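Compute the structure for the input listed below.
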Amino acid sequence: MELRRRDYHVERPLLNQEQLEELGSRSSATGTLQWRTWFQCSHARARALLLQYFPVLAWLPQYPVRDWLLGDLLSGLSVAIMQLPQGLAYALLAGLPPVFGLYSSFYPVFIYFLFGTSRHISVGTFAVMSVMVGIVTESLAPDEAFLQASNSTVDVAARDAARVQVASTLSVLVGLFQVGLGLVHFGFVVTYLSEPLVRAYTTAASVQVFVSQLKYVFGLHLSSRSGPLSLIYTVLEVCWKLPQTVVGTMVTAVVAGVVLVLVKLLNDKLRRQLPMPLPGELLTLIGATGISYGVGLQHRFGVDVVGRIPAGLVPPVAPSPQLFARLVGNAFAIAVVGFAIAISLGKIFALRHGYRVDSNQELVALGLSNLIGGIFQCFPVSCSMSRSLVQESTGGNTQVAGAISSLFILIIIVKLGELFQDLPKAVLAAAIIVNLKGMLMQFTDTCSLWKANRVDLLIWLVTFVATILLNLDLGLAVAVVFSLLLVVVRTQLPHYSVLGQVPDTDIYRDVAEYSEAREVPGVKVFRSSATVYFANAELYSDTLKQRCGVNVDHLISQKKKLLRKQELKLKRLQKENKLPKQAAASKGTSISINVNTSVTDIESNDVEGSKAKQVSAGTELEDTAARGQEDAKAPDMSSLKTLGLPQPDFHSLILDLSSLSFVDTVCLKSLKNIFRDFREIEVEVYMAACHSPVVTQLEAGHFFDASITKQHLFASVHDAVIFALQHPRSSPVNPVLVTKL
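Next comes the predicted model:
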């Protein structure tokens, strides 16, 4: 759209901060004490708290049955059809018997129906969470710890019981973390997980998932490994044991994978014609189970099958407190990752359908799902991207769809689960690998980030490499720390610019970027692109002095040396004439040789040096009383011009502080030092465009005093420039007069 030229004219008085506060009637913002409302009790507050922590009570009574029930019913059945094979498969991924994947697809889903705020995400088993659980269970309950002394075989029943206890205890700990963080409103923690970080982490996790399923694809028995470089060692062991591959298992996995890929391609091609996607995974599982039972794949070809699936629900079991200390680190990592995945998907759907997701309540809902699920021997869950997309695309409107899918899973657990006892594990592995397509496609992020933002690309690469090499828990910690350090480094190295005025406007831009922008003669305008705080305050001051084109520190040093020589000369005159100091004091002629130099003396508290100057000045004036004209010249004795030092080509410096969002004590000291140093070389300093919270912090830090008042702070850069042009500081001035502008 072409912008038509339209001039506008504004007439207003030149405003500094003091005048602006008077004109706008500024008053200090009185912040309300939030904690006081926590202890208030009323009917309305009780009802609000009830609806906040039980969202189902807010939307279920208003549920439009005629409009939404059919869509939620079809959506729930579609999700349940996907939930069945994924639950069985992801249980293997977690190192547990498949039936526990079905438990984890029932209890948490129903709990989230009661407490969740997202209407479209599908809670349940998820590949990334399952592989994180699998790493923990295999490290705390490895196969080697359950070898039978008689025949050196693994006691599978004892191993599985130990792993189930570890996984359920881990789920309880994850739930406790999430509920606790949600109750203290710690939902913002997910903001420290940027999108490139999350996508790189899930990509690396998908690689971990892929490698973990290779033993089921090739029918190999691998050692249990955990910790740094465990993925590399697992890949090397798979390559080393490839000659031991069970051919029947590999053929089963390949055939199942090809069938699943073909069904997915068919679904993509017929997406608009089909009312709901073809349940390829369920059909593959049913077909593979029938073939395995009819042909006898386990006995004739050595294909490993799922085995016994007990019917019915298991009673609740208390977690094992002895495992808490060993699981606490992994539990926190799993809690954060699970919440990050759920809230990111939840916000996407909420934005698409126009409702709000409460991040703190989502933490509570996920935490209760994992906490109660852990008591019923479930492993930690989150939400699945593929199932969530199916739940939305098939007409799901609320979590009624989730409740329907959980009831369908309950029927399978109670009555139909035992029918899948002959299902080959290789088919489940193939289903997991095929479902990794979406996450593995995230490798293309590197190309787009290379073009868009290479800092985000660096975060992506560091996260991916750290997660691959150090495992999922340490990889996440390294990624978060690196991401935060990168933020600090970027604020330490902001863009500094000298501003010039765009012709015929009150707009000031970087003269290096805008060729038409011109510096105002006699005025330097300096700006930083980031806030000034302890990490970059020194760099801010150094860059300011460098960009001004004047070696400020060297000039101040030369000035002090010359003034010191003058003092020594005056002392020699005093000794030669041997005049008593009392005579000078009694005649009342002892004055400072230069009023302006007292700014430095006062700022540095150099009282002794100031007295020396006064005494020596009085002696010299007494000796030269016959030449009365020296009295008029004395105040200019320490100016740069009189001392023969080069003068700056500008008389005013304006600091554009519009980018400051906060100030700390280091920033305050740095700004005061800038005022002191530039006044020493006869340049007056002004500030402009401070936001009100920053002004409040300046007041709280006692920044404004007798030498720096609010009259040095202007509403805009243009106000400060106009004032500086009207009041050039061409000669040394008494500091008291400078502040009273």
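
where along the stretch 1-150 of the chain do the strands fall?
Taking DSSP state E, counting those that start in this stretch as the criterion, the stretch 1-150 of the chain contains strands spanning 122-124.

likewise the chain?
122-124, 382-384, 496-501, 508-510, 523-528, 652-656, 684-688, 713-714 (DSSP state E).

can you give me the offset of the fourth one from its chain's centre?
For strand 508-510, the separation from the chain centroid amounts to 30 Å (computed by CA atoms, centre = their mean, to the nearest Å).

Touching it from outside, list them.
Residues from elsewhere that reach strand 508-510, judged by CB atoms under 8 Å, 6 or more residues apart in numbering: 497-502, 517, 525, 527, 656, 717-718, 721. Any C-beta I mention is one placed from the backbone N, CA and C, and that applies to glycine too.

same question, the first one
Residues from elsewhere that reach strand 122-124 (CB under 8 Å, 6+ apart): 79, 83, 86-87, 104-105, 108-109, 112, 116, 342, 366, 369, 381-384, 387-388, 390-391, 402, 405.

Any idea how many residues pack against the nearest residue to G116 once chain neighbours are set aside?
Nearest residue to G116, sequence neighbours excluded (CB to CB, 6 or more residues apart in numbering): A365, at 4.2 Å. By other CB atoms under 10 Å, the residues close to A365 number 28.

Kindly report the same for S152.
S152, neighbours per other CB under 10 Å, totals 7.

i'd like the first residue to be 25 from this point on
That works, and once the first residue is 25, the last one we named lands at S176.

Give me the local confidence score for it.
For S176, the model assigns a pLDDT of 70.

Please apply the same query to E35.
Per-residue confidence (pLDDT) for E35: 84.

ranking the strands of the chain by mean pLDDT, which is last?
Mean pLDDT across these is lowest at strand 406-408; the value there is a mean of 90.

Low-confidence stretches in the stretch 25-174 of the chain?
25-30, 52-64 (pLDDT under 70).

can you give me the helices in it?
Along the stretch 25-174 of the chain, counting by DSSP state H, counting those that start in this stretch, helices occupy 41-48, 58-62, 67-77, 80-83, 89-117, 123-127, 131-139, 151-164.

Put together TSV for these, with mean neighbour count and distance to Y317 on each row.
Formatted as TSV, these follow (neighbours: other CB atoms under 10 Å; distance: least, CB to CB, whole Å):
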stretch	mean neighbour count	distance to Y317
helix 41-48	15	82
helix 58-62	8	61
helix 67-77	11	48
helix 80-83	14	42
helix 89-117	22	16
helix 123-127	25	18
helix 131-139	24	29
helix 151-164	26	27
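
between those helices, which one is nearest to I315?
Nearest to I315 among the helices of the stretch 25-174 of the chain is helix 89-117 (15.6 Å), distances taken as CB to CB.

For the residue nearest to G140, give me the pLDDT.
Listed pLDDT for A389 reads 95.

from memory it sits against I135, does it?
Yes: between A389 and I135 there is a contact under CB atoms under 8 Å: 7.5 Å.

could you dump the helices of the stretch 25-174 of the chain to CSV with distance to K449?
Formatted as CSV, the helices of the stretch 25-174 of the chain follow (distance: least, CB to CB, whole Å):
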stretch, distance to K449
helix 41-48, 73
helix 58-62, 52
helix 67-77, 41
helix 80-83, 38
helix 89-117, 6
helix 123-127, 12
helix 131-139, 24
helix 151-164, 14
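
right, and the ones you listed - which one's nearest Q445?
Here helix 123-127 is closest among those (CB to CB), at 10.2 Å.

shouldn't Q232 be in contact with L496?
Yes: here Q232 reaches L496: they are 6.6 Å apart, a contact under CB under 8 Å.

so how far is F488 from L510?
Using CB to CB, to the nearest Å, L510 is found at 15 Å from F488.

who has more neighbours, those two?
F488 (26 against 16).

Thought A228 was touching the more buried one, still the case?
Yes: counting by CB under 8 Å, F488 does reach A228; the two are 4.8 Å apart.

Pull out the buried members of the contacts of strand 532-534.
Buried members of the contacts of strand 532-534, counted by 16 or more other CB atoms under 10 Å: S521, V522, L523, G524, Q525, A541, V549, R551, D680, V741, H742, V745.

just to revisit the earlier point, now render the contacts of strand 532-534 as CSV, adding distance to L39.
Shown next, in CSV, are the contacts of strand 532-534 (distance: CB to CB, whole Å):
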residue, distance to L39
S521, 24
V522, 24
L523, 19
G524, 22
Q525, 18
V526, 21
A541, 23
V549, 17
R551, 20
D680, 16
V741, 12
H742, 10
V745, 13
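
C402 contacts S195, doesn't it?
Yes: at 5.7 Å, C402 counts as touching S195 under the criterion of CB under 8 Å.

Give me the common contacts of those two.
N394.

how much space between A541 and H675?
Computed as CB to CB, the A541 to H675 distance reads 20 Å.

try L684
The value you get for L684 to H675, if CB to CB is used, is 25 Å.

Repeat that for I746.
14 Å.

Look at the two and report which has more neighbours.
H675 (20 against 16).

That one is in contact with E706, isn't it?
Yes: if you go by CB under 8 Å, H675 and E706 touch, sitting 7.5 Å apart.
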